[in-house]
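Engineer: Okay, sequence plus prediction incoming.
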Amino acid sequence: MAPFYCVETAESVTELLALTEDWEKLEARDPEASVFVSHDWLAPVLINHEGRWRVYLVRRGVEPVALLPVVLRTVWCREAKRLRTRIDSAGVLAGVPTGLLVDPRHAEGALEALGHALRARPWAELRLSGLSAERADALGADLLGAGTATSAAPEAALAVPLPETYEDFVKTRFSSSTRFEIRGYTRRELRSCGWQLVFSTEDTLERDIDRLLSKHLKAWAVRDGATAAHERGEEMRHLLRRAFSEDALALIVLKRGDEVIASAAHLVDRAGGEMRAVLLDTAPGDTATLFLTAMSIAWGIEQGLAHYRFNNEDSSWCERFGAEPVGLHGLEVTRRLQTEEAGFDRPGLARTPLPATRNGGSPLYA
């Protein structure tokens with residue numbers, strides 16, 4: 001008799017730690033696994049937010065075949081004047097899309113079982129990010145009975161593919177004027193030792209993060225208020241520390257002697273072949289930022305990465321590098337509620353603080 005599929009859930013730290021071996025098995029088996037859905041990356045984040053998340057583990061017999069970590073958000077529905085539960089990818093806790101893990105040998109059955117398990121719980125909206133188009137479509141098909149599902153990319157990022165050499169990148173991606181500008185700075189500043197590029201180390205990390213955040217904190221406070229700015233700053237600080245501890249951070253500083261000219265923080269997903277800019281401390285159109293980004297891309301090419309993703313703060317500036325919109329595949333489901341109870345899951349009321357929602361819905365205790 002063929003092994004059957006079953007779904008387990010973990011909702012406490014003890015249950016989460018019991019999944020460690022199964023989680024790591026799936027990381028090794030899933031060719032789409034990234035550092036941001038790894039146990040080492042996500043488990044500490046979940047532990048710090050106990051009571052707000054759920055991890056679904058699908059087994060085929062005794063073997064793990066899929067794992068999905070999610071966050072339960074309690075949001076206020078203005079139309080219904082009721083509390084509702086929204087399920088998000090657990091990556092919202094760490095500021096990056098996380099997706100899920102699947103053993104490709106059993107993907108069809110595992111995703112079907114996962115879809116049934118999700119449908120069995122109360123929620124009103126579901127938003128999963130970081131999925132491949134194929135997985136979003138497959139899981140979306142299993143959730144169609146729960147409401148209106150779409151696997152279209154909910155947003156687009158600006159990214160550029162990285163060739164084998166930096167010289168190839170300069171020749172094929174830059175306009176003639178930008179190419180002349182970059183090469184001029186390379187000759188004049190780097191080769192004359194006027195400018196130098198350094199990477200954050202264990203000894204300099206906190207100082208470099210403080211400097212990187214200082215300008216942003218002022219801008220965030222003006223826009224969102226001092227409290228929200230402080231919270232966002234602490235979220236970003238925690239993210240950068242976590243990334244550094246997992247060898248997933250490239251915080252690159254451009255200096256002239258002891259003077260810091262510009263710096264940029266990147267998350268590096270070596271398994272996924274991607275480098276993602278998350279924070280710069282100068283304006284996108286600034287010449288120093290142009291040069292620093294070019295040198296960051298050069299480093300990414302040296303590391304054998306396949307893509308550089310911009311942080312989308314200035315699309316016209318990103319286009320100077322030949323950046324193009326790249327879909328971030330995800331899955332969004334709005335449930336057709338037969339009863340109000342079907343849209344509200346009480347564990348989502350846990351008062352552990354969460355990062356502020358930036359696109360739709362407002363967390364009750366964020």
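Structural biologist: On my side now, so go ahead.
Engineer: give me every residue that touches the residue nearest to Glu8 when sequence neighbours are not counted.
Structural biologist: When the adjacent residues along the chain are set aside, Glu8 lies closest to Leu57, with 4.7 Å between them (CB to CB, 6 or more residues apart in numbering). Quick note: C-beta positions are derived from backbone N, CA and C, even for glycine. With contacts taken as CB atoms under 8 Å, 6 or more residues apart in numbering, Leu57 has the following neighbours: 7-10, 19, 22, 64, 66-67.
Engineer: For this structure, just list every one of the helices.
Structural biologist: 13-18, 20-29, 39-47, 107-119, 133-143, 166-173, 176-185, 205-224, 226-245, 287-302, 315-318 (DSSP state H).
Engineer: can I get these in TSV with mean neighbour count and distance to Thr85?
Structural biologist: Shown next, in TSV, are the helices of the chain (neighbours: other CB atoms under 10 Å; distance: least, CB to CB, whole Å):
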stretch	mean neighbour count	distance to Thr85
helix 13-18	14	20
helix 20-29	16	24
helix 39-47	18	18
helix 107-119	20	12
helix 133-143	19	15
helix 166-173	15	44
helix 176-185	14	48
helix 205-224	15	25
helix 226-245	17	22
helix 287-302	20	39
helix 315-318	16	34
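Engineer: Rebuild these as JSON lines, extending it with mean pLDDT.
Structural biologist: Converted to JSON lines, the helices of the chain look like this (pLDDT from 0 to 100):
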{"stretch": "helix 13-18", "mean pLDDT": "94"}
{"stretch": "helix 20-29", "mean pLDDT": "96"}
{"stretch": "helix 39-47", "mean pLDDT": "88"}
{"stretch": "helix 107-119", "mean pLDDT": "92"}
{"stretch": "helix 133-143", "mean pLDDT": "82"}
{"stretch": "helix 166-173", "mean pLDDT": "90"}
{"stretch": "helix 176-185", "mean pLDDT": "78"}
{"stretch": "helix 205-224", "mean pLDDT": "90"}
{"stretch": "helix 226-245", "mean pLDDT": "87"}
{"stretch": "helix 287-302", "mean pLDDT": "89"}
{"stretch": "helix 315-318", "mean pLDDT": "72"}
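Engineer: any chance of those helices in TSV, with distance to Ser89 too?
Structural biologist: Conversion of those to TSV gives the following (distance: least, CB to CB, whole Å):
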stretch	distance to Ser89
helix 13-18	16
helix 20-29	16
helix 39-47	10
helix 107-119	12
helix 133-143	12
helix 166-173	31
helix 176-185	36
helix 205-224	23
helix 226-245	15
helix 287-302	25
helix 315-318	25
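Engineer: filter the contacts of Leu57 to the buried ones?
Structural biologist: The neighbour-count test (16 or more other CB atoms under 10 Å) applied to the contacts of Leu57 identifies 7-8, 10, 19, 22, 64, 66-67 as buried.
Engineer: And those residues, which two are furthest apart?
Structural biologist: Maximum pairwise distance among those (CB to CB): 13.6 Å, between Ala10 and Ala66.
Engineer: residue contacts, Trp29?
Structural biologist: Check again: residue 29 is Arg, not Trp. Arg29 is in contact with 103-105, counting by CB under 8 Å, 6+ apart.
Engineer: Give me the subset of the residues you listed that lies in strands.
Structural biologist: The strands in this structure, assigned by DSSP state E, contain none of the contacts of Arg29.
Engineer: Most neighbours among the residues you listed, which one?
Structural biologist: Per-residue neighbour counts (other CB atoms under 10 Å) across the contacts of Arg29 peak at Asp103, which has 20 neighbours.
Engineer: shaky segments in the stretch 251-366 of the chain?
Structural biologist: Across the stretch 251-366 of the chain, residues meeting the criterion (pLDDT under 70) sit at 283-285, 312-315, 327-328, 337-366.
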